[in-house]
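Chemist: fold the following, please.
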Amino acid sequence: MPTDDLQQAIERAHHCRASLLESRVVTARCTDDGEPVSRHIKTFALQGHSVARRAYAWQRVENPHPAEPEYSIVLGIAGVNSAEDPLRLKLREIYNSL
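Modeler: Here you go, the predicted structure:
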């Protein structure tokens with residue numbers, strides 16, 4: 001997953017500059033007894049965003065053959081303080097929608 005693609009997706013979606021800070025594999029669970037899920041999450045510093053100083057992004061894998069790459073982008077606000085937090089939030093959203 002090219003960093004440039006994620007960076008451009010963040011910049012387009014949030015109308016600010018983004019620069020890569022960290023890239024790592026993160027594992028989380030949506031419930032205490034749920035299956036662990038791992039994603040390669042990239043942390044970006046944001047310049048010029050009105051609220052957030054960080055964004056966390058990764059390529060979605062739910063659709064194995066999308067026409068174009070699909071990304072999850074979560075801003076570092078409201079309790080999102082680490083790369084694990086946005087993955088947990090997205091997993092809970094999926095779990096609660098079932």
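Chemist: so how far is Arg92 from Val51?
Modeler: Applying CB to CB, to the nearest Å, the value for Val51 to Arg92 is 22 Å. C-betas here are computed from N, CA, C, even on glycine.
Chemist: show me which of those two is the more surrounded one.
Modeler: Per other CB atoms under 10 Å, whichever of Val51 and Arg92 has more neighbours is Arg92, with 15 against 10.
Chemist: just the pLDDT for the more buried one.
Modeler: pLDDT recorded at Arg92 is 84.
Chemist: tell me the contacts of the most centrally placed residue in the chain?
Modeler: The centre of the chain sits closest to Ala57, judged by CA atoms, centre = their mean, with a distance of 2.9 Å. By CB atoms under 8 Å, 6 or more residues apart in numbering, the contact set of Ala57 is 6, 9-10, 41-42, 44, 71-74.
Chemist: which SS state does Ala67 fall under?
Modeler: Of the three states, Ala67 takes coil under DSSP: H, G, I helix; E, B strand; the rest coil.
Chemist: much appreciated, bye for now.
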